[in-house]
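Novice: have a look at this prediction, sequence included:
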Amino acid sequence: GGNGRDLTMNTALDVARIIHLDLTLVGVTAWQWWTAVSPVSYKDGLIFTDWKKPGDAESIITSRLLWAIGNYSRFVRPGMQRVELTGAGQDIGGLMGSAYKDEKARRVVAVYVNMGTAPRTVQLDFGLGKRGWRLKSITPYVTSDREGDELKAYPPVVAGAPIEIPARSVVTLAAQFA
């Protein structure tokens, strides 16, 4: 089903699920997308344009796919280590989640993909062992079909509080420790 531009969450969720499965089940260590800007009516671009030749109106049209991939590429950085994420969150037709840590930066990120049509609630509990880290903040970054949810940063949430993962969304929870 590659024909036609898809600026919605449909393609974004399909690709986010593939990224999740590649990182968690297949064990890939890198993931990339080949086409950044596309001038055609096909689901291959992160950004689309109607510009074809000099004199045409210039246009930049972002897709939700750009922002969904951003939930991974902006936060899961080279050198981070995938860590166990337990609990609900491994349903390929519903909620999927994976977590990554950066010891040096004292940062943990959890990326959730909610394929379902209903919101889901998660609660993060960090098994810090003897690290002595103190949680400073958990900031959600949301990509969904909702207006403005293009990797949108929402206000930080209180440690230990339930966090809602909206229906048909990709959400990164970025936890910073002191």
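Specialist: Looks like it arrived, so ask away.
Novice: any idea how far P39 is from E58?
Specialist: Separation of E58 from P39 (Cβ to Cβ, to the nearest Å) stands at 11 Å. For the C-beta atoms, the positions are set from N, CA and C on the backbone; glycine is no exception.
Novice: of those two, who's got more company?
Specialist: P39 (14 against 7; other Cβ atoms under 10 Å).
Novice: would you agree that one is in contact with K52?
Specialist: Yes. P39 lies in contact with K52 (Cβ atoms under 8 Å); the separation is 5.9 Å.
Novice: poorly predicted segments of this protein, please.
Specialist: Along the chain, segments meeting pLDDT under 70 span 88-89.
Novice: what about the strands in it?
Specialist: With DSSP state E, the ranges of strands along the chain come out as 37-38, 47-48, 61-62, 81-83, 95-102, 107-114, 120-122, 135-143, 150-153, 163-165, 169-177.
Novice: any chance of the backbone angles for the residue located most distally from the centre of the chain?
Specialist: Here the centre of the chain is the reference, and by Cα atoms, centre = their mean the most remote residue is G55, at 36.7 Å. In terms of degrees, to the nearest 10, the main-chain angles of G55 are phi 100, psi -30.
Novice: could you report the distance from it to T49?
Specialist: Taking Cβ to Cβ, one finds G55 at 14 Å from T49.
Novice: before we move on, what about R120?
Specialist: When R120 is compared with T49 (using Cβ to Cβ), they lie 35 Å apart.
Novice: tell me which of those two has more neighbours.
Specialist: Neighbours per residue (other Cβ under 10 Å) separate R120 from T49, with R120 holding more: 20 against 16.
Novice: pretty sure the more buried one is touching N114, no?
Specialist: Yes. Applying Cβ under 8 Å, one finds R120 in contact with N114, separated by 5.6 Å.
Novice: need the residues touching each of those two.
Specialist: 94-95, 165 (Cβ atoms under 8 Å, 6 or more residues apart in numbering).
Novice: list the contacts for the residue nearest the centre of the chain?
Specialist: With distances taken as Cα atoms, centre = their mean, N71 lies nearest the centre of the chain, 2.8 Å away. Taking Cβ under 8 Å, 6+ apart, we find N71 in contact with 16, 111, 141, 143, 151, 170-172.
Novice: what's near enough to touch the residue lying closest to V15 once chain neighbours are set aside?
Specialist: Using Cβ to Cβ, 6 or more residues apart in numbering and skipping residues adjacent in sequence, the residue nearest V15 is L65, 5.9 Å away. By Cβ under 8 Å, 6+ apart, the contact set of L65 is 6, 11-12, 15, 43, 45-46.
Novice: give me the contacts around stretch 110-125.
Specialist: Here stretch 110-125 has contacts from 13, 16-17, 20, 71-72, 75-76, 85, 87-89, 91-100, 138, 159-173, 175, using Cβ under 8 Å, 6+ apart.
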